[in-house]
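In: here's my sequence, what's the structure:
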Amino acid sequence: MRRRGRRAAVVAVAAGLVAGACSSDGANPAANGTTTAAVTTTTVSGRPSVPTVPTTAIPGAPTPAAPVGGTSAPVPTTTIPLTPPPTGGAPAATAAGATAPAAPDTTAPAPTAAPTSAPSAPAGGDPGAFCRAVDAILPLYLATLLLVDSGDGSDGDTKFEVAVAPALAAPVHAAAANAPAVVAAPFQRWAARADAAIAALEAAGATDTQVGALGTAFTSQVDQAMNAGGNQTPPDPVAAAARAGIDGSRLAAATTTFTAANGDFDTFAGALGQDLNLPPSQVDQLSGQYPCAADLASFSG
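Out: Predicted coordinates for the structure are as follows:
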């Protein structure tokens with residue numbers, strides 16, 4: 001037998017507007033060219049009063065007192081506003097202590113990024129662990145196929161599968177735990193079948209030590225045959241079972257019990273081959289993550 005090769009197949013700034021208050025100074029009288037109002041005299045009780053002149057009241061100045069012994073004419077006043085009226089459409093002054101209205105926020109909202117998602121890889125476990133398990137399973141499985149094909153075609157040929165189960169159980173469980181989702185179910189069923197075969201051996205009287213010794217011995221023999229190169233005859237698991245202390249009668253009893261509950265090997269192998277014979281497009285997709293995906297076709301026999 002020869003190992004099959006593999007096919008390689010991610011500042012909004014708000015401005016405030018504050019208006020300053022305005023004020024004006026009072027006008028000073030001109031030094032030259034001023035006109036003095038005429039002095040007028042008012043006679044009170046036959047006597048002339050103190051002459052008076054028109055005056056302009058300055059806010060904050062005291063009110064003039066009337067002269068002794070007479071009255072004065074009414075004093076006309078003019079009120080000077082503290083701030084000039086707004087001109088040219090400018091905003092009115094803000095009173096002292098008041099808060100100027102804030103300018104409207106004209107900051108454009110930040111664009112929302114469109115959600116992106118990377119293409120998902122095929123769901124499953126550890127690709128490295130799965131491919132290592134497939135490497136360990138294939139030579140053991142192909143040896144079983146060759147031995148069954150060389151048998152007489154009866155249900156008794158399932159004894160080869162039962163005898164190989166102690167060697168196959170561990171890698172098949174590893175493959176089932178790490179398989180991509182598309183082939184996880186077939187490996188899980190296979191793991192349960194291998195467990196059932198070991199249980200049948202133990203029910204027929206094989207001890208845990210004998211089952212462990214059989215698994216180790218047969219795995220070693222298959223590795224030696226594979227490493228020898230050329231066309232090698234697969235080692236005989238029935239003879240390996242006898243050397244481990246599981247004689248023919250116990251193996252035959254275990255085979256009968258196992259086949260009655262789980263069916264013969266030919267039926268199982270046919271279903272397994274169909275489940276693992278994926279279309280090329282699916283194999284190419286799996287190969288990106290599972291480099292041993294192309295090897296799954298080898299289970300078709």
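In: could I get the helix or strand hosting residue 173 in PDB with only the CA atoms?
Out: Following DSSP states H and E, the helix or strand that holds residue 173 is helix 158-178. This file holds the C-alpha atoms of helix 158-178, laid out as PDB (Å, rounded to 0.1, in the frame of the first residue of the first chain):
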ATOM      1  CA  THR A 158     -16.900  -8.500   9.300                       C
ATOM      2  CA  LYS A 159     -14.500 -10.200  11.800                       C
ATOM      3  CA  PHE A 160     -11.700  -8.200  10.100                       C
ATOM      4  CA  GLU A 161     -13.500  -4.900  11.000                       C
ATOM      5  CA  VAL A 162     -14.000  -6.100  14.600                       C
ATOM      6  CA  ALA A 163     -10.400  -7.100  14.900                       C
ATOM      7  CA  VAL A 164      -9.200  -3.700  13.500                       C
ATOM      8  CA  ALA A 165     -11.500  -1.700  15.700                       C
ATOM      9  CA  PRO A 166      -9.000  -1.400  18.600                       C
ATOM     10  CA  ALA A 167      -6.500   0.300  16.200                       C
ATOM     11  CA  LEU A 168      -9.100   2.500  14.500                       C
ATOM     12  CA  ALA A 169     -11.100   3.800  17.500                       C
ATOM     13  CA  ALA A 170      -8.800   6.600  18.600                       C
ATOM     14  CA  PRO A 171      -8.100   8.200  15.200                       C
ATOM     15  CA  VAL A 172     -11.700   7.900  14.200                       C
ATOM     16  CA  HIS A 173     -12.800   9.700  17.400                       C
ATOM     17  CA  ALA A 174     -10.200  12.400  16.700                       C
ATOM     18  CA  ALA A 175     -11.500  12.900  13.200                       C
ATOM     19  CA  ALA A 176     -15.100  13.000  14.400                       C
ATOM     20  CA  ALA A 177     -14.200  15.700  17.000                       C
ATOM     21  CA  ASN A 178     -12.400  17.900  14.400                       C
END
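In: from the contact counts, what lies against that helix?
Out: helix 127-149, helix 181-203, helix 208-228, helix 237-243, helix 248-262, helix 265-276 (3 or more Cβ pairs under 8 Å, 6 or more residues apart in numbering; DSSP states H and E). No exception for glycine: its C-beta is placed from N, CA and C like everyone else's.
In: nearest to residue 290, of those?
Out: Residue 290 sits nearest to helix 127-149 of all those, at 4.7 Å, using Cβ to Cβ.
In: as JSON lines, the helices and strands packed on helix 158-178 with distance to residue 295 and mean neighbour count would be great.
Out: Output for the helices and strands packed on helix 158-178, formatted as JSON lines (distance: least, Cβ to Cβ, whole Å; neighbours: other Cβ atoms under 10 Å):
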{"stretch": "helix 127-149", "distance to residue 295": "6", "mean neighbour count": "20"}
{"stretch": "helix 181-203", "distance to residue 295": "11", "mean neighbour count": "19"}
{"stretch": "helix 208-228", "distance to residue 295": "14", "mean neighbour count": "17"}
{"stretch": "helix 237-243", "distance to residue 295": "22", "mean neighbour count": "20"}
{"stretch": "helix 248-262", "distance to residue 295": "25", "mean neighbour count": "18"}
{"stretch": "helix 265-276", "distance to residue 295": "9", "mean neighbour count": "17"}
